[in-house]
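Visitor: Here is a sequence together with a model predicted from it:
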Amino acid sequence: MLFTDESRFCLEPADGCIRVWRRRGERFAEGAVLERQRFGGGSVMVWGGISTRLRTPLYHVVGNLTSVRYQNEILQPLVVPALQAIGPRAILQDDNAPPHRSAAVNTFIQQARVNRMLWPANSPDLNPIEHMWDELCRRVQQHHPPPANLGQLLQWLQQEWNGVPRAFICNLIHSMRQRCVECLAHNGGHTRY
C-alpha cells in the first residue's frame with residue numbers, strides 16, 4: 001500500500017500566538033524582538049507518499065494542483081515507479097480531491113494498471129500519512145530560529161521528510177488495523193488516533 005496526500009505548511013504559526021525567546025534580563029533587549037509577517041508569511045504545499053518499503057521524494061506543489069499536473073508531475077514520475085518498486089500487488093491510496101478523481105486521471109490510472117483503493121466520500125480520514133505530516137511539522141518547529149523564508153522552510157521540510165525513521169513510518173502503517181477497529185467501534189466518531 002502506498003499512502004499519499006498533500007499538505008500545506010505555513011512559514012509562521014497560524015495560532016495567533018506571539019512567541020518570544022529570551023534569557024533572563026533581556027526583557028526588552030533588541031535581540032529578543034523578532035518582526036513577523038502580518039498574514040503568516042506564506043506557505044508551502046507538498047505531496048508525499050509512504051509505505052512500509054519506501055517513501056517517495058517530497059514534491060513541492062507550486063500553485064494549484066490540477067488533474068493534469070497531478071498526472072504529469074506526481075502520478076507518472078513518482079507514484080508509478082514507487083508502486084513498481086513495492087511490487088505487483090501494490091495499491092495506491094489517494095483521497096477524493098477533485099484533481100485525483102478526474103476522468104483524465106482515472107483513464108491514466110487504468111492505462112498504467114495502477115490498483116487504487118476505493119475511498120468513500122465523507123469518510124473519516126484514517127490515512128496514516130496525516131500523522132506523518134504532524135511529525136514533519138514538529139520536526140521543522142524544533143529548528144531555532146524558525147525558517148526565515150519559504151525556501152528555507154521547503155529545504156527543512158525535505159530534510160526532515162528524509163530524516164523520519166523508517167520504524168516510525170512502519171508503526172503508523174501497522175496501526176491501520178487498530179485505527180479501523182476503533183473507528184468502527186465509535187461509529188466514525190472521534191478516536192484516540
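Guide: Great, that's in hand. Residues are numbered from 1 along each chain as shown.
Visitor: and the residue nearest to residue 115 when sequence neighbours are not counted, what is it in contact with?
Guide: Taking CB to CB, 6 or more residues apart in numbering as the measure, residue 115 lies nearest to residue 91, with 4.6 Å between them; neighbours along the chain are not counted. The way it works is simple: take the backbone N, C-alpha and C, and place the C-beta from them, glycine included. With CB atoms under 8 Å, 6 or more residues apart in numbering as the criterion, the residues that contact residue 91 are 1-2, 115-117.
Visitor: ok, which stretches of the chain are helices?
Guide: For the chain, applying DSSP state H gives helices covering 67-69, 80-86, 103-111, 129-141, 150-163, 166-174, 176-185.
Visitor: Would you reformat the ones you listed as JSON lines and include mean pLDDT?
Guide: Converted to JSON lines, the helices of the chain look like this (pLDDT from 0 to 100):
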{"stretch": "helix 67-69", "mean pLDDT": "97"}
{"stretch": "helix 80-86", "mean pLDDT": "97"}
{"stretch": "helix 103-111", "mean pLDDT": "96"}
{"stretch": "helix 129-141", "mean pLDDT": "94"}
{"stretch": "helix 150-163", "mean pLDDT": "97"}
{"stretch": "helix 166-174", "mean pLDDT": "95"}
{"stretch": "helix 176-185", "mean pLDDT": "84"}
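Visitor: Compare these and give me the one nearest residue 54.
Guide: Of all the helices of the chain, it is helix 80-86 that lies closest to residue 54, at 5.9 Å by CB to CB.
Visitor: Just list what the closest one packs against, helices and strands only.
Guide: Of the remaining helices and strands, those touching helix 80-86 by 3 or more CB pairs under 8 Å, 6 or more residues apart in numbering; DSSP states H and E are strand 2-10.
Visitor: so who does residue 79 touch?
Guide: Contact criterion CB under 8 Å, 6+ apart gives 2, 4, 49, 56, 92, 114 as the residues in contact with residue 79.
Visitor: ok, now how distant is it from residue 53?
Guide: 14 Å (CB to CB, to the nearest Å).
Visitor: just residue 191 next, same as before
Guide: Applying CB to CB to residue 191 and residue 53 gives a distance of 27 Å.
Visitor: Then residue 156?
Guide: Between residue 156 and residue 53 the computed distance is 25 Å (CB to CB).
Visitor: more neighbours, these two?
Guide: Comparing residue 156 with residue 53 by other CB atoms under 10 Å, the one with more neighbours is residue 156, at 20 against 16.
Visitor: what's the distance between the more buried one and residue 55?
Guide: Spatial separation of residue 156 from residue 55 under the definition CB to CB is 17 Å.
Visitor: Next: residue 187.
Guide: As judged by CB to CB, residue 187 and residue 55 stand 33 Å apart.
Visitor: which one of those two has more residues nearby?
Guide: Legend: neighbour count by other CB under 10 Å for residue 187 and residue 55, higher for residue 55 (19 against 6).
Visitor: Could you check the pLDDT of the residue lying farthest from the centre of the chain?
Guide: With distances taken as CA atoms, centre = their mean, the residue sitting farthest from the centre of the chain turns out to be residue 25, at 40.4 Å. The pLDDT attached to residue 25 in the predicted structure is 70.
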